[in-house]
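Q: Based on what follows, work out the 3D shape:
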Amino acid sequence: MASYFCCEIGCKVLSKVQCSCPGSVLYCDEHFEEHKSRARCRQKCRIEKDVKDFEIECHNQKKFLVSERKKLYKITEDFLKLVNDTVIIVQMHIQEQIEIIKKIRKHYRFQELNKAKQTFHKGSINVKGFNEAIINSLSYLNLECKI
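A: Have a look, this model is predicted:
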């Protein structure tokens with residue numbers, strides 16, 4: 001069924017009856033009376049329950065989507081907090097390493113510099129993990145991400 005509106009052109013009233021003529025056409029009460037007199041149609045089927053069920057289903061779907069949007073906002077808020085906390089921790093770590101380099105340079109301790117370099121370069125900063133988290137979140141919604 002394409003629409004629950006009355007089939008008469010220009011009528012924006014929800015249908016209340018379905019005609020028993022071929023094609024099972026939907027009419028509002030007023031237009032069904034006109035159709036009945038033209039087509040000599042005597043039978044009708046009330047579809048108010050179908051329309052009400054449709055409206056309830058639409059309401060439930062909207063409610064579900066609003067709930068999903070709230071979850072998305074919460075996840076985003078948590079994710080941004082995690083990113084922010086991570087940036088602060090990494091910045092503090094980098095600053096600590098800079099202070100170590102300053103001390104090493106001040107005293108020209110070459111062996112300590114080589115040892116420190118190995119520690120510094122173990123994990124360089126990249127966005128791969130963050131991108132994967134975003135892609136995984138979007139795949140849950142069957143959306144494509146172009147990162």
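Q: Can you list the helices and strands that whatever helix or strand residue 105 lives in packs against?
A: Taking DSSP states H and E as the criterion, residue 105 maps to helix 48-107. Under the contact criterion of 3 or more CB pairs under 8 Å, 6 or more residues apart in numbering; DSSP states H and E, helix 48-107 touches helix 110-120, helix 128-140. Every residue, glycine included, has its C-beta placed from N, CA and C.
Q: Give me the mean pLDDT for it.
A: What helix 48-107 shows for mean pLDDT is 85.
Q: what does stretch 132-147 give?
A: The average pLDDT within stretch 132-147 is 62.
Q: got it, and stretch 24-41?
A: 78.
Q: Give me the distance between residue 102 and residue 89.
A: 21 Å (CB to CB, to the nearest Å).
Q: likewise residue 60?
A: 43 Å.
Q: Show me what stretch 30-42 is in contact with.
A: 6-8, 11, 13, 16-17, 19-21, 25, 27, 44 (CB atoms under 8 Å, 6 or more residues apart in numbering).
Q: again, only using 6 Å
A: 6, 8, 17, 19, 21, 27 (CB atoms under 6 Å, 6 or more residues apart in numbering).
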